[in-house]
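**Student:** Sequence isn't available, so here's the structure alone:
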């Protein structure tokens, strides 16, 4: 077996370390498999809140459960833009602040 000289070892050692570090740093980002991870809204997951009185807590709960990144509360007569945002949960309430509908957009 050939003997490695110190000069050869000094060249091989950094290469070995670089190979190990490259293997350890490979991207291992999880794939977005559910709505919360992807940021896409799924209003069906927040429909159980229909009939609840809207509060800051309930709004945050609806946002978290639907996977939305943003919420918009719409009261009767409110003006709303018609742009569709697939990451936004629209929470429709009646004049008393009770949730009557949840929808993405």
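**Tutor:** Received it, and whenever you're ready, just let me know what you need. Model, not experiment: these values are computed from the prediction.

**Student:** So which helix or strand of this structure has the lowest pLDDT on average?
**Tutor:** helix 35-38 (a mean of 54; mean pLDDT, DSSP states H and E).

**Student:** Could you tell me what pLDDT the model assigned to residue 8?
**Tutor:** The confidence metric pLDDT takes the value 57 at residue 8.

**Student:** Any buried residues in stretch 58-66, and which?
**Tutor:** For stretch 58-66, the neighbour count (16 or more other CB atoms under 10 Å) marks 58-59, 62-63, 65-66 as buried. All C-beta spots, glycine's among them, are computed from the backbone N, C-alpha and C.

**Student:** Could you list the low-confidence segments of this protein?
**Tutor:** Counting by pLDDT under 70, the chain shows low-confidence ranges at 1-2, 4-38.

**Student:** Go again with 80.
**Tutor:** Flagging of the chain using pLDDT under 80 yields the residue ranges 1-39.

**Student:** Verify the stated contact: residue 43 with residue 91.
**Tutor:** No. In this structure, residue 43 is not within contact of residue 91 by CB atoms under 8 Å, at 9.3 Å.

**Student:** who touches both of the two?
**Tutor:** When contacts are counted by CB atoms under 8 Å, 6 or more residues apart in numbering, the set common to residue 43 and residue 91 consists of residue 102.

**Student:** all helices for this structure, in order.
**Tutor:** Counting by DSSP state H, the chain has these helices, from start to end: 6-24, 35-38, 56-66.

**Student:** ok, and what's touching the last one?
**Tutor:** Defining contact as CB under 8 Å, 6+ apart, one finds that helix 56-66 is touched by 35-36, 41-43, 45-46, 49, 52, 68-71, 73, 89, 91, 99, 102, 104.

**Student:** Drop anything exposed from those.
**Tutor:** 35-36, 41-43, 45-46, 49, 68-69, 71, 89, 91, 99, 102, 104.

**Student:** Return the subset of those residues lying in strands.
**Tutor:** Helix and strand membership here follows DSSP state E; of these, those in strands are 71, 89, 91, 99, 102, 104.
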